[in-house]
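Engineer: My questions are about this predicted structure, shown below with the sequence.
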Amino acid sequence: MPDVVEHHGVPVLVCAADGATIATVQDALDQLIGAAFQGAEIVAVPSTRLDDRFFDLSTGFAGEVLQKFANYRLRLVVVGDIGRHLAASSALPDLVREANRGRDIWFLPDLDALVDRLAPGAAGRTAD
């Protein structure tokens, strides 16, 4: 079971790297969104847990998952190195850049970067 930890007053569900792969929208609902009902506002999932189709925007998988997070008013943070996915896509870098400018979806290199983003006064910082 993932742990809910608090960073700067924000409850974050931190998912383990060794969990099951999120390969379908139902997986996202069951393993991420369902688990967030422990009281989390943010779900931090390791990038390695996401099926490669998530990073291939032409599949529509990422859009479906992100829409579910929006519907449930949860924030998603993809944590880890996604360099190989960025290099393989012309659209993904744009999504990452725009998402990191907002507050609902972030792509960050590690949990320390998440803690930094949640720090008071960090609202204007981006992680391009």
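Structural biologist: Noted; the coordinates are in hand.
Engineer: who's in contact with the helix or strand bottoming out on mean pLDDT in the chain?
Structural biologist: Least confident helix or strand, the chain: strand 3-7 with a mean of 92, by mean pLDDT, DSSP states H and E. Contacts to strand 3-7, defined as C-beta atoms under 8 Å, 6 or more residues apart in numbering, come from residues 11, 12, 13, 14, 38, 39, 40, 114, 115, 118. Backbone N, C-alpha and C define where each C-beta goes, glycine included.
Engineer: Can you say which of those residues are buried?
Structural biologist: 12, 13, 14, 40, 114, 115, 118 (16 or more other C-beta atoms under 10 Å).
Engineer: Looking at those residues, which are in strands?
Structural biologist: Counting by DSSP state E, the buried ones among the contacts of strand 3-7 place 12, 13, 14 in strands.
Engineer: May I have the beta-bridge partners of the first one?
Structural biologist: This means residue 12. residue 5, residue 42 (DSSP bridges).
Engineer: I figured it hits residue 114, correct?
Structural biologist: Yes: using C-beta atoms under 8 Å, residue 12 is in contact with residue 114, at 7.0 Å.
Engineer: Could you name every residue contacting both of those two?
Structural biologist: 42, 44, 77.
Engineer: need the helices for the chain, in chain order.
Structural biologist: 25-27, 34-36, 52-55, 61-71, 83-87, 92-101, 111-118 (DSSP state H).
Engineer: Can you name the residues bridging to the residue most central in space within the chain?
Structural biologist: In the chain, the centroid-proximal residue (C-alpha atoms, centre = their mean) is residue 77; its distance is 2.5 Å. Following DSSP bridges, residue 77 is listed with bridge partners residue 44, residue 106.
Engineer: For it, list the residues it contacts.
Structural biologist: 12, 42, 43, 44, 45, 105, 106, 107, 108, 114.
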